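[1] Fold the following.
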Amino acid sequence: SGAITFTAPDDATEYDIPVTVTYEDGSSNTATAKVVVYKSLDPTKVDPTNPEYKDMFKTVTRDIVTTSVSGQQTTEAQSLDFGRTMTIYGNGDHATYGKWEAGKLSTDKFTTQGGSTEFASKDITPVDGYTSYYKIGNDGQKVYASAVPSASALDKDGNPVAGTTVYVGYDKSNADQYIPAYKDTTVAANSSVNTGSPSFTKDSEAVTDVPGHTYAFNDGTTKMTINDKNGKTPVTVTIDKTSGAITFTAPDDATEYDIPVTVTYEDGSSNTATAKVFVNKSLDPTKVDPTKSEYKKMFKTVTRDIVTTSVSGQQTTEPQVLDFGRTMTIYGNGDPATYGKWEALSADQFASKDITPVDGYTSYYKIGNDGQKVYASAVPSASVLYKDGNPVDGTTVYVGYDKNNTPTPTENTTVTYTFYDDTDKKLVKGHDVTVTGQPGTDQKVNLTTPEGYKLAEGQTLPTSVTMLKANETITIHLIHATKDIKPNDPGVNPSDPVYADMFKTVTRTIKVNNPDRMVDTTTQQVNFNRTKTIDEVTDKVISYGNWTLATGSAKDWGQFNVPQLDGFISYVDGNAAKEVAEENVTADTADVTVEVTYKNSGNNGNNTTPGDDGNHNTNPGDNGSHNTNPGDNGSHNTNPGDNGSHNTNPGDNGNHNTNGNNNGINNGTQNGNGNKTVNTNVTDNSNGDNGQNNKQALPQTGNTKNDAAVAGLGLAGLLAMLGLGGLKKKRN
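    Numbers count the residues shown, from 1 in each chain. Got it, this is the predicted structure:
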């Protein structure tokens, strides 16, 4: 064969081997076989100090230059060693080299143990009151950190290169420069609290350009429970991490909350601020115990004495008493309580008082002992007088008699009707009705119940009155009327804020994320409503009815069948599934969003049509009976367009034609997701025996551009067949 074999020695270079070729006719000639020997050198098995191996080794460094807070500068060098193989060629060609590998280089040896391709990270020594930073290069951007990060020592071609010098320094920390402070917040009990954001000062001057920072409570959370300064009335408070605003609802008996907040800056430093919230409480005199000493300044009683001297000279005194009350506001910061305006708790005037008639005498009264005599059959009513806003006692009225010399004419008397609110325990002002006439006469009375009220039990509206000999005040007692409002009452509209609390909708949003990156969104909603009862005087809600299903609303979130695509597995919220389950809901059910996604099933094309339902159907519109052609109506037709008569050729219209362009139309109904109609058109362009069986398939890796186009049309057909256009959907 002429083959030459031997083992090349370790240090050989090139062999020229002469060979004689002898032919059958006895002639011969020669040929030379050249054998070039090359040698690959391992960097761990040669002496790194030998100059002929110097290109097999390289050391690169990165300097870390640190400037202390006093300005002193120090430099620390980080070194990395690398080695690579070298191949020497016996024919004199230039040596070639392998890939650089990290290792450790000593005086006469290179090892791959313990090497690294990255300059190691380096901790920066912390200094109190300062924030450390580093810069990559002298012109690099400051990065506040507690360590210099690691960095690769290889360039994009895998060659070791020196690292860029890192400069380390210190800045005075943000927390030592910027001082946060909250403005004190004062709120009423049972109201919402929002402290707003704190302000900042720097060198005692207000600033707004504060470095990036976040807020939290001292325990690092954004929600905690805290007591007021008296150690009572715990409340849960929440802080906004970005703005620092603290929100909560002030309890009824709270006084003052001191809320500590930690502000953390982008340089890692932090300081604290305290948000003070003072809770004020306003007390209603009708809702406290007047006998308790702490409420005594909320009440006052004034009197008017009527002193009567009989015809025999005997004197009697009858006091008239009126009670007043006022609100009291207690301040959480310890300030003295303040008080509102005095209000009458029953009547705001001393009532008229009949004078007992005595035959042969004419009665009179005087306002004050030095007042003028006024002949009358009754002491008139008198409004309470105020001094510096406070009700004062009425002037004493003196009643007496003068002996008649001539007949006394009869005077008109008055009857005054007033309305009293039994619900709020106060007079209904502005609705008094006064009737005047001679004693003993009947007078008509025109009374109407004030708007929003109704008569208290046992009360009536008189239509006439017989006038008495003295003036009289009659009080009619009322209570607040209420009104029931139903969702279907005329004028009740869910969009009207007045009625919005009577309606509620819970929604499930289903997003089908198709493989073509299009998103089909289906919204399922269940509507609820309820009645409410309002106070017709205050227009405040007294009570609500139970939530009930609105007329015409779906009773639940119905089952949603996920469209099944050939070559893909559907997932519902990350779990393999073919439907989103039906779910019963109540008015307390939260809105949800369901994500439907697809993953390639890796079935190597076993499913050939986007409409495969997992039963290996081969055509869209298959009803689960494993039909083999689109348009199959469940009678196992074998060709598109088959009308149920078992035709055997595409385009067969019932006359058993063997050629033609069949336009088979499948008008089937799919009841997977409600009532949806699927209309699919399948066109068969086969031509007799030369027709080709065309399959619709999703595009697969390696298909031609034409295959991808056909697959796109198939996917569009699938969407139409699934009836997605008939759902309440949105495609993005």
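
[2] make it CA atoms for all contacts and neighbour counts henceforth
    Noted.

[3] Next up, the contacts around the closest residue to residue 464 other than its chain neighbours.
    Using CA to CA, 6 or more residues apart in numbering and skipping the chain neighbours, the partner closest in space to residue 464 is residue 444 (4.3 Å). Shown in contact with residue 444 (CA atoms under 8 Å, 6 or more residues apart in numbering): 435, 463, 464, 465.

[4] isn't there a helix covering residue 589?
    No. Under DSSP: H, G, I helix; E, B strand; the rest coil, residue 589 sits outside any helix and is assigned coil.

[5] Could you count how many residues lie near it?
    11 (other CA atoms under 10 Å).

[6] Wait, it touches residue 505, no?
    No. Using CA atoms under 8 Å, residue 589 is not in contact with residue 505, being 9.5 Å away.

[7] Could I get the buried residue list for stretch 327-341?
    327, 328, 329, 330, 331, 332, 339 (16 or more other CA atoms under 10 Å).

[8] repeat for stretch 269-286
    Applying 16+ other CA under 10 Å to stretch 269-286 flags 269-283, 285 as buried.

[9] coming back round to it: look up how far residue 436 lies from the residue nearest to residue 464.
    10 Å (CA to CA, to the nearest Å).

[10] Ok, residue 158 next?
    From residue 158 across to residue 436, the span is 114 Å (CA to CA).

[11] quick one, which of the two is more surrounded?
    Using other CA under 10 Å, the more surrounded residue of residue 158 and residue 436 is residue 436, with 15 against 12.

[12] after the helix or strand containing the more buried one, next one along is what?
    Using DSSP states H and E, residue 436 maps to strand 426-437. Per DSSP H and E, the first helix or strand lying C-terminal to strand 426-437 is strand 442-444.

[13] Direction included, what does that following strand pair against?
    strand 464-466 (antiparallel) (DSSP bridges).

[14] Out of the buried residues of stretch 327-341, which is nearest to residue 573?
    residue 332 (50.8 Å; CA to CA).

[15] Show the contacting residues for the residue nearest to that closest one when sequence neighbours are not counted.
    Among residues not flanking residue 332 along the chain, residue 255 sits closest, at 3.9 Å (CA to CA, 6+ apart). By CA under 8 Å, 6+ apart, the residues touching residue 255 are 228, 229, 230, 278, 279, 280, 331, 332, 333.

[16] Am I right that the fourth one is in contact with residue 331?
    Yes. Contact status for residue 278 versus residue 331: in contact at 7.3 Å, counting by CA under 8 Å.

[17] Send me the lengthiest strand in the chain as PDB with only the CA atoms.
    Secondary structure of the chain per DSSP state E: the longest strand is strand 270-283. Extracted in PDB, the C-alpha atoms of strand 270-283 (Å, rounded to 0.1, in the frame of the first residue of the first chain):
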ATOM      1  CA  SER A 270     -31.400  57.600  57.600                       C
ATOM      2  CA  ASN A 271     -32.900  59.900  60.200                       C
ATOM      3  CA  THR A 272     -36.300  60.200  61.900                       C
ATOM      4  CA  ALA A 273     -39.200  62.500  62.200                       C
ATOM      5  CA  THR A 274     -42.300  62.400  64.400                       C
ATOM      6  CA  ALA A 275     -45.800  63.100  63.000                       C
ATOM      7  CA  LYS A 276     -48.100  64.500  65.700                       C
ATOM      8  CA  VAL A 277     -51.800  64.000  65.300                       C
ATOM      9  CA  PHE A 278     -54.200  65.800  67.700                       C
ATOM     10  CA  VAL A 279     -57.700  64.400  67.900                       C
ATOM     11  CA  ASN A 280     -60.500  66.900  68.900                       C
ATOM     12  CA  LYS A 281     -63.800  65.600  70.100                       C
ATOM     13  CA  SER A 282     -67.000  67.700  69.900                       C
ATOM     14  CA  LEU A 283     -69.700  66.700  72.500                       C
END
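
[18] Next SSE downstream of that strand?
    strand 299-309.

[19] where does residue 48 fall, phi/psi-wise?
    For residue 48, the backbone dihedrals (degrees, to the nearest 10) come out as phi -60, psi -20.

[20] Which residue comes closest to it once chain neighbours are left out?
    Nearest one to residue 48, counting by CA to CA, 6+ apart, is residue 108 at 5.7 Å.

[21] pLDDT score assigned to that neighbour?
    Among the per-residue scores, residue 108 holds a pLDDT of 84.

[22] what number of residues lie near it?
    Neighbour tally, residue 108, other CA under 10 Å: 11.

[23] With residue 319 instead?
    11.

[24] The nearest residue to residue 442 once chain neighbours are set aside and residue 576: what is the separation?
    If the residues on either side of it in the chain are set aside, residue 442 comes closest to residue 466, at 4.4 Å by CA to CA, 6+ apart. Distance from residue 466 to residue 576, counting by CA to CA: 89 Å.

[25] burial of the nearest residue to residue 579 once chain neighbours are set aside, as a residue count?
    Spatially, and ignoring its direct neighbours in sequence, residue 579 is nearest to residue 561 (4.2 Å; CA to CA, 6+ apart). Counted with other CA under 10 Å, the neighbours of residue 561 add up to 16.

[26] Likewise for residue 2?
    Neighbour count of residue 2, defined by other CA under 10 Å: 7.

[27] That one and residue 29, how far apart?
    Distance from residue 2 to residue 29, by CA to CA: 13 Å.

[28] same thing with residue 355?
    Counting by CA to CA - residue 355 and residue 29 are separated by 169 Å.

[29] if we can go back for a sec, reformat the contacts of residue 444 as CSV; add neighbour count, pLDDT and distance to residue 482.
    Formatted as CSV, those follow (neighbours: other CA atoms under 10 Å; pLDDT from 0 to 100; distance: CA to CA, whole Å):
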residue, neighbour count, pLDDT, distance to residue 482
435, 18, 95, 31
463, 10, 95, 26
464, 13, 95, 29
465, 15, 94, 30
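
[30] farthest pair in these?
    435 and 463 (11.3 Å).

[31] Overlap in contacts, these two.
    Common neighbours of residue 435 and residue 463, using CA under 8 Å, 6+ apart, are 444, 445.
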